[in-house]
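# Quick one, what's the 3D model for this:
(chains A and B)
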Amino acid sequence: EDQVTQSPEALRLQEGESSSLNCSYTVSGLRGLFWYRQDPGKGPEFLFTLYSAGEEKEKERLKATLTKKESFLHITAPKPEDSATYLCGGQGGSEKLVFGKGTKLTVNP
Amino acid sequence: NAGVMQNPRHLVRRRGQEARLRCSPMKGHSHVYWYRQLPEEGLKFMVYLQKENIIDESGMPKERFSAEFPKEGPSILRIQQVVRGDSAAYFCASSRVQPLLSGEQYFGPGTRLTVT
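Sure thing, here's the model as predicted:
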């Protein structure tokens, strides 16, 4: 069964303190690895899709990378507005995405 | 450009009643996905529909749950005879083409169902 595991469950950072979120996956025939951001009481907001190992994508302070077993979301010099839950999802042979439970990020000023 | 719309945003039902959740995809999007999110858990895929067709319902409970996406009008997720365990946030997402090709699907704000 396809599975996505995110760690840590929660992460507290000081403003400007860079760190990384981890997404380990066992998705048969992975065709795409997705990152989303979710604010409280709202729906997930798309951030990145990664298709193959070695691929990297950047958006402002965020950079997502992909290996054959895991993906990382690197946050450089975070700001309080980066506080959110970050979701990772994988798509294998079917059209459905399998999501992890998310990492709740809190950035203190 | 209006995003994905879901209504109601909050729904309270007593055990045994029916819940109807509606989702209007973004303009030009013909692919709709429904997910359920329980507290402290991730999003769980329920069903994938295109206009008038159910493509993948492997995440849907076999009983009490049904979904449709008619030619005209919103997609409907219907839960019959609700039980307390159905309490959750239900999210709808839409895409213009399959997510892998477009790289993204757009989520609505969700419907929070509470069963009392």
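# Any idea which helix or strand in the chain has the lowest mean pLDDT?
Answering for chain A, as no chain was given. Every helix and strand of chain A was ranked by mean pLDDT, DSSP states H and E. The lowest is strand A:97-99, at a mean of 89.
# Oops, wrong one, chain B.
Going by mean pLDDT, DSSP H and E, chain B bottoms out at helix B:99-102, a mean of 63.
# and the residue of chain B found nearest chain A, what does it touch?
Closest residue of chain B to chain A, Cβ to the nearest Cβ: residue B:107 (3.4 Å). C-beta: built from backbone N, CA, C; applies to glycine. Counting by Cβ atoms under 8 Å, 6 or more residues apart in numbering or on different chains, residue B:107 makes contact with A:36, A:43-46, B:4, B:91-93.
# give me that answer again for 6 Å
Counting by Cβ atoms under 6 Å, 6 or more residues apart in numbering or on different chains, residue B:107 makes contact with A:43-44, B:91, B:93.
# So which of those residues belong to helices?
Residues of the contacts of residue B:107 located in helices (DSSP state H): none.
# What is the nearest of those to residue A:12?
Distance to residue A:12, by Cβ to Cβ, is smallest for residue A:44 among these, at 21.5 Å.
# What is the burial count for residue B:6?
22 (other Cβ atoms under 10 Å in any protein chain shown).
# make that residue A:60, sorry
9.
# what sits against the residue positioned nearest the centre of chain B?
The residue lying closest to the centre of chain B (Cα atoms, centre = their mean) is residue B:34, at 3.3 Å. Listed by Cβ under 6 Å, 6+ apart, the contact partners of residue B:34 are B:46-47, B:77, B:92.
# Tell me who's in contact with residue A:12.
residue A:106.
# Tell me the pLDDT of residue 60.
Answering for chain A, as no chain was given. We have a pLDDT of 94 for residue A:60.
# hm, I was asking about chain B
94.
# Summarise which helices and strands the strand or helix carrying residue B:6 is packed against.
Using DSSP states H and E, residue B:6 sits within strand B:5-7. When contacts are defined as 3 or more Cβ pairs under 6 Å, 6 or more residues apart in numbering or on different chains; DSSP states H and E, strand B:5-7 packs onto strand B:19-24.
# follow-up on the earlier one: can you list the neighbours in contact with the next helix or strand after the strand holding residue B:6?
Downstream of strand B:5-7, the next assigned helix or strand under DSSP H and E is strand B:10-13. With contact meaning Cβ under 6 Å, 6+ apart, strand B:10-13 is reached by B:19, B:82, B:111-115.
# C-terminal to the least confident helix or strand of chain B, which secondary structure element comes first?
Next in sequence after helix B:99-102, counting helices and strands by DSSP H and E, comes strand B:106-107.
# Can you give the strand pairings for that following strand, parallel or anti for each?
Sheet pairing for strand B:106-107, assigned by DSSP bridges, gives strand B:88-95 (antiparallel).
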